[in-house]
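Asker: Generate a structure from the sequence data that follows.
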Amino acid sequence: MLQTFSIIATSQKRTDKSNNHTGYKGFIKKGYYLLPQDWFSTAIEITTSHGYQLSPMFYTGLGTGAGVSYGYNRNLYVPIFANLRVTPLNKRHAPFGDIKTGVYPGFTNGLFLSTIAGYRLEMGKRGGFNTGFGYRIIAVR
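Answerer: As a prediction, this is how the structure comes out:
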């Protein structure tokens, strides 16, 4: 289990009072992770998810990314995942929950689950800034 701190930058076009209009939406996320199982180990990751905002509350999409872990073992990984995001309040600034589940195919060949609870801050008409804390579970063969 990995404890994560994530900084997420989003890009979307606003057409109503909030950034949660329906239609296409894309996310770019940069994450920094602390790996409690190895002293002083860390990982950095960048992912992108593209999908559809079903309603002001629900987003679903597919994504990929790349990450590197540093410490006792240095690993490069490329996840492929499905993404569900819930924003319970239809406001410019609102809390959110994000869950990603998928696989690490190829070299690392594993499964993962990532959850984040955070807060979205709208920044103008075309984007926003999100920050959150979460947990990531990775099962690698």
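
Asker: for the chain, what spans make up the strands?
Answerer: 2-11, 23-35, 41-53, 58-70, 75-77, 80-86, 93-104, 110-122, 127-140 (DSSP state E).

Asker: Mean neighbour count added to those strands, as a markdown table?
Answerer: For every residue, glycine as well, the C-beta is placed using N, CA and C. Converted to a markdown table, the strands of the chain look like this (neighbours: other CB atoms under 10 Å):
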| stretch | mean neighbour count |
| --- | --- |
| strand 2-11 | 16 |
| strand 23-35 | 17 |
| strand 41-53 | 17 |
| strand 58-70 | 17 |
| strand 75-77 | 15 |
| strand 80-86 | 17 |
| strand 93-104 | 18 |
| strand 110-122 | 17 |
| strand 127-140 | 16 |
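
Asker: show me what contacts Leu84?
Answerer: Leu84 makes contact with 58-60, 98-100 under the criterion CB atoms under 8 Å, 6 or more residues apart in numbering.

Asker: let's go with 6 Å and repeat that
Answerer: The contact partners of Leu84, by CB atoms under 6 Å, 6 or more residues apart in numbering, come to 60, 99.

Asker: now do Tyr119
Answerer: Pro95.

Asker: redo that, cut-off 7 Å
Answerer: Counting by CB atoms under 7 Å, 6 or more residues apart in numbering, Tyr119 touches 95, 130-132.

Asker: Please report how far Gly65 lies from Ala43.
Answerer: Relative to Ala43, Gly65 is positioned 12 Å away (CB to CB, to the nearest Å).

Asker: wait, doesn't Phe133 sit right on Ser114?
Answerer: No: if you go by CB atoms under 7 Å, Phe133 and Ser114 don't touch, sitting 11.7 Å apart.

Asker: Let me know the pLDDT of Phe40.
Answerer: Looking at Phe40, its pLDDT reads 64.
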